[in-house]
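Engineer: predicted model, plus sequence, below.
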Amino acid sequence: MSLYKRLWIAIGLIMLLSFAGSFVLSNLSSRQYFEQQLELKNVDNATTLGLLLSTPQIDALSRQLLISAQFDTGHYQFIRLTAPDGSIIAEHTQPGPQQTHPTWLAQFFPINPATGSAKVSDGWQQVGTLTVASHTQVAYDALWNSSVQLLSYFMLVASVCGVIGSTLLRLITRPLDNLVAQAHAITERRFITSKEPDTQEFKDIVLAMNTLTRHVQRMVDDETMRLDSWRVKMQYDGLTSLMKRQPCLAQLHALLARNDASAAGTIMLIQVQQLAQLNQDQGRQQVDFLLKKLGRTLSSESRQFDERLAGRLNGSDLLLVIPGYYQVEQLGNTIYQALLKTVSRQSFSETINLHCVASPCRAGDNPGKLLGSLNGCLKLQPSGTSSFTVQTASLHTPMQQQPWQRRLDDALSNRGIQLQYFPTVNHQGQLSHLDACARLKSDSGPSLSAAVFLTSLRQMGWCHRLDQVVVAEALHRLASCTRPLAISLSAAVLREPERAEQLLLQLNNAPESRHNLRLEFACNDAFLYLTQLRQLCIRLKQLGCKVGLKHLGQQLAPLGKLADSGLDYARIDGSFIRQLGEETEIKPFIQGICSTLHGLGMIVLAEQVTTENQWQQLLALGIDGGTGPLFNEARHTDSV
C-alpha cells in the first residue's frame, strides 16, 4: 500500500473518531437543551392558556374555542382539560409531522420533556386541570440536521487535510523517488549517485547508497587500471614503447578481418638497416637509445589517429597501421621525414639508414602476404642510403577509381544498402542473436562489405545517413522476425545531438520491433564521447533497446566511467582472442575483463573466434558468448 493511501486512511480514521466523539457530545448536549426548552414551552403555554380559561363569566363553548385556537398555533402533541373527577372536558391531539430523522436517533438520544399543567377555575369553583405537551419531532429533526451538518464539516476538513497532507508528503518524499530510481539502477548494475536530501532519515539512506556506488566505481576503476597496466606490460616493448610482435600481428589480423572502416587504411613498414653492425660499431646502449627515439617518434606522429597500430616486429623492423586513412604517400612521407629528423639528432647519424615502404590495405588482405610484399619491396631498396617508397600493388579494389559520391548517394537514397547476417551464440553454443553488417549492392558483381566504402562515407560526412538506413532495414526485418538483431552505429550518433534525436525518432515509430534491437558502438567512439553515450543509453533503455560495445580491450581505463550507463554487453577485440594459443599471459587478462564486466552486470562476448580450441578456452575463462568464423557454419544457417 502506498504512502498516499496510508495517509488518506489515517486522516479518515482520525476524522471518523473525531466525528464520532463530536457527534455523541453534541447530541447529548442538544438533547438536554431541547428537553429544557420544550419543558419551558409546555409550562408557559399551559400557564397562559389556563389564565385565559379562568376568565370570569366564560362558558364551556368559549373554553373549547380557546383550547382549539391555542392548539392550532403550535406543534403540540396534545392539549387536554380534565375535570376534577377525572373526566375529559376537552382534548385535542396530533400524531405529529412526518418523521425525517432515522429511528435509531430517537432510541440513542431520547427527548422526554415534562408536560405543562395549570388549574382552571370559574371564580371560586375549580373547573379542571389543563395539561399541555409539545411534539418532540421538531427537536429530533433539528438534532438530525445538526448532525448532518457536522458530518459535512468533518468531511470537508478531512478532504482539505488529505489534499494538504498529500502535497506535503509529495514534497517530503520527493527524494524517495530519486532513492527508488537509484535502487532500480543498482539492480540493473548502473551505479549512479543521487543528491542528498534535507530530510535526515532519507539523507542517511542516500548517503549509504552513494557510498556503495562510489565504492563500486572505485573498485571498477582500480580493476580496469590494473588490467590496463597489465595489458601495456604484456603487449608493449619496454624499450620502444611499441607493441610487441605477437600482439601486433594479432591486432593486424583482427583489423583486416573486420567489416567496418577500420579494416582498411594505410600500412607502413620501417626497417633500420644493418642493425647488427650498428650494435657492434656504436654499442648496444647507443643503438637502444636510437630505437627508443624512433619508437617515440612513430607513436607521436600517429597519435592523432584513433585506431593506430604501431609495433616492433623484430630488432630492426617497425610497423605502423593507420585504419581508415588512404592518403598513403602523404602519410608515409610525413612519418619518413619525422624519422629522418630523429636520426639526424644522433651523434652517429651518418651511419644510420632507414628504408620505409607504405601501402594501402583493405579488408580481406592476407596479413602474411601483405607483410611479405612490403618486406620484398624493402629488399629492393638501394643500400647505403635512406629511402621511402609507396607500393600500390595491394590496392586491388577497382571501386577506388569510380565516382563514389554519386554511387553512395544513390545507394543511401534508393535502398541500395542491404544487411548481411552473422550468428552470435551463447555459452551453450545456441544462437543468441544476429549481427547485421551493411553491404553495398552491386549490379556487376557481389555486394561490397562496409569496410570498402565506410572510409569514403566518413570523408563525405555521410555516416549518419548509413546509420538511418541500417536502423530502418533492421526494424523492417524485426517486424517479421523476432530474432534479436545487433547493428553497429557510427560516432555521429554520439557526436551530433540531432543524429541521436533522429535515431530515437526512428525507434519511437517502431514500438513492436525496437525491443529486439541491439545497438553497438566501437569502444574508441564510446570512450571519446562518454557523457553523450551515458545520456543516450538511458533513453535507449527506456525504449527497451540493448546497448553494447565492440572491439573492447585496447583501452580499459575509461570503462569505470560507464558504470552508471547501463550497458548490456561488450565484445572483446579479436586481437586478444587470436593470442590465446600463443600468449599464456592473455588468459588471466581476458578472465579479468570478464570478471570486471560481470560485476557491472554486462554480458561478455568474444569476437573473431576461429577454432574450437579457442572457444573452449574462452568458456573456461568466463566468456558468455561469441561470434566469428567458427560459428558461421551450416548449423546456424537456417536461423540466419
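Structural biologist: Cool, got the structure.
Engineer: isn't residue 392 up against residue 361?
Structural biologist: No: applying Cβ atoms under 8 Å, one finds residue 392 not in contact with residue 361, separated by 11.2 Å. To be clear about C-beta, it is placed using only N, CA and C from the backbone, and glycine gets the same treatment.
Engineer: and these two? Which one has more around it.
Structural biologist: Under the criterion of other Cβ atoms under 10 Å, the comparison of residue 392 against residue 361 puts residue 361 first, with 24 against 11.
Engineer: any idea how far that one is from residue 604?
Structural biologist: Applying Cβ to Cβ, to the nearest Å, one obtains 29 Å for the distance of residue 361 from residue 604.
Engineer: count of neighbours near the spatially closest residue to residue 265 that is not a sequence neighbour?
Structural biologist: Taking Cβ to Cβ, 6 or more residues apart in numbering, and ignoring the residues beside it in sequence, residue 265 has residue 323 as its nearest neighbour in space, at 4.1 Å. When neighbours are counted by other Cβ under 10 Å, residue 323 registers 24.
Engineer: start the count at 14, not 1, going forward
Structural biologist: I'll keep to 14 as the first residue from here, and by that count the last item is residue 336.
Engineer: and the gap between residue 336 and residue 315?
Structural biologist: Taking Cβ to Cβ, one finds residue 336 at 11 Å from residue 315.
Engineer: who touches both of these two?
Structural biologist: Counting by Cβ atoms under 8 Å, 6 or more residues apart in numbering, the shared contacts of residue 336 and residue 315 are residue 321.
Engineer: what's residue 623 sitting at in phi/psi?
Structural biologist: Note on residue 623: its backbone torsions stand at phi -110, psi -30 [degrees, to the nearest 10].
Engineer: the residue nearest the centre of the chain and residue 558, how far apart?
Structural biologist: The residue lying closest to the centre of the chain (Cα atoms, centre = their mean) is residue 551, at 3.5 Å. Here the criterion is Cβ to Cβ. By it, residue 551 lies 11 Å from residue 558.
Engineer: cool, residue 495 as well?
Structural biologist: Residue 495 sits 15 Å away from residue 558, going by Cβ to Cβ.
Engineer: and if you look at residue 497?
Structural biologist: Counting by Cβ to Cβ, the separation of residue 497 from residue 558 is 10 Å.
Engineer: who's more crowded, those two?
Structural biologist: Neighbour comparison, residue 497 and residue 558: the larger count goes to residue 558, with 19 against 16 (by other Cβ under 10 Å).
Engineer: tell me how far that one lies from residue 63.
Structural biologist: 98 Å.
Engineer: next, the buried residues of stretch 166-179.
Structural biologist: In terms of neighbour count (16 or more other Cβ atoms under 10 Å), stretch 166-179 has its buried residues at 167, 171, 174-175, 178.
Engineer: need the CA coordinates for it. CSV is fine.
Structural biologist: Extracted as CSV, the C-alpha positions of stretch 166-179 are listed here (Å, rounded to 0.1, in the frame of the first residue of the first chain):
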residue,chain,number,x,y,z
TYR,A,166,-17.9,19.9,8.0
PHE,A,167,-15.8,17.0,9.1
MET,A,168,-15.7,15.6,5.5
LEU,A,169,-14.7,18.9,4.2
VAL,A,170,-12.0,19.3,6.8
ALA,A,171,-10.8,15.7,6.1
SER,A,172,-10.6,16.4,2.3
VAL,A,173,-8.7,19.6,2.9
CYS,A,174,-6.3,17.9,5.3
GLY,A,175,-5.9,15.0,2.8
VAL,A,176,-5.0,17.3,-0.1
ILE,A,177,-2.6,19.4,2.1
GLY,A,178,-1.1,16.2,3.6
SER,A,179,-0.7,14.6,0.1
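Engineer: export the buried residues of stretch 166-179 to a markdown table and tack on secondary structure and pLDDT?
Structural biologist: Below are the buried residues of stretch 166-179 laid out as a markdown table (DSSP: H, G, I helix; E, B strand; the rest coil; pLDDT from 0 to 100):
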| residue | secondary structure | pLDDT |
| --- | --- | --- |
| 167 | helix | 84 |
| 171 | helix | 83 |
| 174 | helix | 85 |
| 175 | helix | 81 |
| 178 | helix | 81 |
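Engineer: what sits against the residue nearest to the centre of the chain?
Structural biologist: So residue 551 contacts 578-579 (Cβ under 8 Å, 6+ apart).
Engineer: so what pLDDT did residue 295 get?
Structural biologist: We have a pLDDT of 85 for residue 295.
Engineer: correction: residue 112
Structural biologist: In this prediction, residue 112 carries a pLDDT score of 68.
Engineer: chain center to the helix or strand harbouring residue 560, what's the gap?
Structural biologist: According to DSSP states H and E, residue 560 maps onto strand 559-565. Using Cα atoms, centre = their mean, to the nearest Å, we find the averaged C-alpha position of strand 559-565 to lie 16 Å away from the chain's own average C-alpha position.
Engineer: show me what it packs onto, helices and strands only.
Structural biologist: Packing partners of strand 559-565 (3 or more Cβ pairs under 8 Å, 6 or more residues apart in numbering; DSSP states H and E): strand 530-535, helix 536-541, helix 543-555, strand 582-585.
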